[in-house]
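**Student:** what's the 3D shape of this:
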Amino acid sequence: MLAIASGGQTPGQDVDVIRTETDLTNLLFTATDKNNRYITTLKESDIRVLEDGVSQMLFTFQQETDRPLAIAFLIDVSISEERTLPDEKAAARTFIENVIRSSKDQAAIIPFEGYAHLEQPLTRDVISIYRALERVDVAFPSYLGSAPPLSGIASGPGTVRPPQEGSTAIWDSIAVTCRQVMARSLGQRRRAIILLTDGRDTSSRFLRSTAIDQAIELETVIYAIGIGDKRYEGVDRIALNNVAERTGGRAFFPKKQDDMKAAFSEIEQELRSQYLVAYSSTNKKRDGTYRKMSIEITNPEMRKEQLRLRYRPGYFAKQLG
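**Tutor:** As a prediction, this is how the structure comes out:
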C-alpha cells in the first residue's frame with residue numbers, strides 16, 4: 001500500500017538488486033588490503049567478473065578518481081542527537097570544504113526525524129550548503145526548520161499510520177531521499193548518502209530492506225556514521241552496518257570528534273579510489289530474473305594479499321513487456 005515501489009526480490013531471499021534498462025551493466029568497486037588501505041593499482045588482467053558463476057567479458061575497466069559527486073547529508077535531528085549534533089555539523093562542514101568541488105559536485109542537506117526535510121536540494125553552491133547546514137537543529141519539541149516533509153509515502157485508510165511527533169524514521173528518510181533527491185542528480189555521477197544517526201528507527205513505514213532496495217536502484221551508496229547518546233539507547237551497530245554494507249558502503253562508529261573527522265576522511269578517500277567495470281551479460285534473456293554478480297582477484301600475487309573488494313552484489317535483468 002505504500003507509494004514507493006521497492007526493488008524486487010527472489011522468493012524467500014532478502015537481496016540487494018538494481019534493475020537495468022540497457023544491455024550494459026556498470027559496476028563500481030573498491031579494493032582495500034588487510035590494513036584497510038585503498039589499492040589503486042589494479043589492472044583489468046588482475047580480476048574477473050562473474051554473473052551467476054559465468055565469467056563476463058569486460059567492455060570497460062578504469063579507475064574512477066574524478067567522477068562528479070552527488071552527496072546527500074541525511075542528518076538525524078531527533079532528541080537523541082541533541083548532544084552530538086554540533087560535532088556532526090562541524091565534521092560535515094569540514095568534509096564539504098575538502099571534498100565538494102563547486103565546478104562539478106553537488107550536495108544536499110536533509111535533516112530528518114519522523115519525516116525527512118529537504119532544507120537544501122542538490123546544488124553546487126557551497127555557500128548555500130553551508131547556510132543550510134548551519135540551520136539544522138534538534139527537533140524539540142518539534143521540527144524547527146522551514147522545509148516541508150519530503151513526499152512520496154501514501155497515508156490514509158489501509159496504510160501504516162504516519163509518524164508521531166518526536167519519532168525517528170530512518171528507513172523512510174533514506175527511501176524518499178533516493179526517490180525525491182538522488183534520482184534528480186543529472187549525468188554520470190557517483191551518488192552517496194552520508195547518514196548521521198544512532199540507527200534507532202522508531203516510526204518508519206518502510207522496512208530497512210526496502211530502503212536498501214531504493215538506494216541500490218538509484219546506484220546510491222550509503223555511508224553510515226553511527227553516533228548517539230548513552231542517555232538514550234546508544235547506537236544500533238547491526239542496523240547501520242547492514243544498510244551501509246548492502247549498498248556497497250561502510251559504517252563508522254566514532255567515539256570522539258577526532259574519530260568523526262577521520263570517518264569523513266575515509267569516506268572522501270573511498271569516493272576518490274574506485275574502479276568502474278562494465279560488461280554485456282552473456283545471459284541475453286530479458287526475463288526479470290535476479291543475477292548475482294561477483295568479482296574475483298585472479299592475480300596470484302595479489303590473492304596472497306587477501307584484498308577486500310566492496311561492490312553491490314546483483315541486479316534484476318530487464319523484463320520484456
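
**Student:** for the rest of this, base every contact and every neighbour count on C-alpha atoms.
**Tutor:** Noted.

**Student:** what about the helices in this protein?
**Tutor:** Taking DSSP state H, the helices of the chain run over residues 85-99, 126-135, 170-180, 208-217, 237-245, 257-271, 300-304.

**Student:** name the residues that touch the second one?
**Tutor:** It refers to helix 126-135. Applying CA atoms under 8 Å, 6 or more residues apart in numbering, the contact partners of helix 126-135 are K89, R93, I96, I100, S102, A107, A108, I109, E119, Q120, T123, G145.

**Student:** could you redo the last one with a cut-off of 7 Å?
**Tutor:** Contact with helix 126-135 is made by K89, R93, S102, A108, I109, E119, Q120, as judged by CA atoms under 7 Å, 6 or more residues apart in numbering.

**Student:** max pairwise distance over those residues: which two?
**Tutor:** Using CA to CA, the two most remote members of the contacts of helix 126-135 are K89 and S102, lying 19.5 Å apart.

**Student:** including pLDDT and distance to G234, could the contacts of helix 126-135 go into a markdown table?
**Tutor:** Shown next, in a markdown table, are those (pLDDT from 0 to 100; distance: CA to CA, whole Å):
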| residue | pLDDT | distance to G234 |
| --- | --- | --- |
| K89 | 90 | 19 |
| R93 | 92 | 24 |
| S102 | 88 | 36 |
| A108 | 96 | 27 |
| I109 | 97 | 24 |
| E119 | 95 | 27 |
| Q120 | 96 | 29 |
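
**Student:** that older thread, minimum distance to S281: which of the helices of the chain has it?
**Tutor:** Nearest of the helices of the chain (CA to CA): helix 208-217, 18.3 Å.

**Student:** break down the stretch 101-250 of the chain into its strands, ranges please.
**Tutor:** Using DSSP state E, counting those that start in this stretch, the strands of the stretch 101-250 of the chain run over residues 106-112, 120-123, 190-197, 220-226.

**Student:** what's the closest non-adjacent residue to S173?
**Tutor:** Sequence neighbours aside, A116 is the residue nearest to S173 in space, at 5.2 Å (criterion: CA to CA, 6 or more residues apart in numbering).

**Student:** got a list of what the one you found touches?
**Tutor:** I110, P149, L150, S173.

**Student:** okay, the closest residue to S280 other than its chain neighbours and Y115: tell me how far apart.
**Tutor:** Excluding its sequence neighbours, the residue lying closest to S280 (CA to CA, 6+ apart) is L24, at 4.8 Å. L24 sits 36 Å away from Y115, going by CA to CA, to the nearest Å.

**Student:** tell me which of the two has more neighbours.
**Tutor:** Y115 (26 against 12; other CA atoms under 10 Å).

**Student:** quick one: pLDDT of that one?
**Tutor:** What the model reports for Y115 is a pLDDT of 92.
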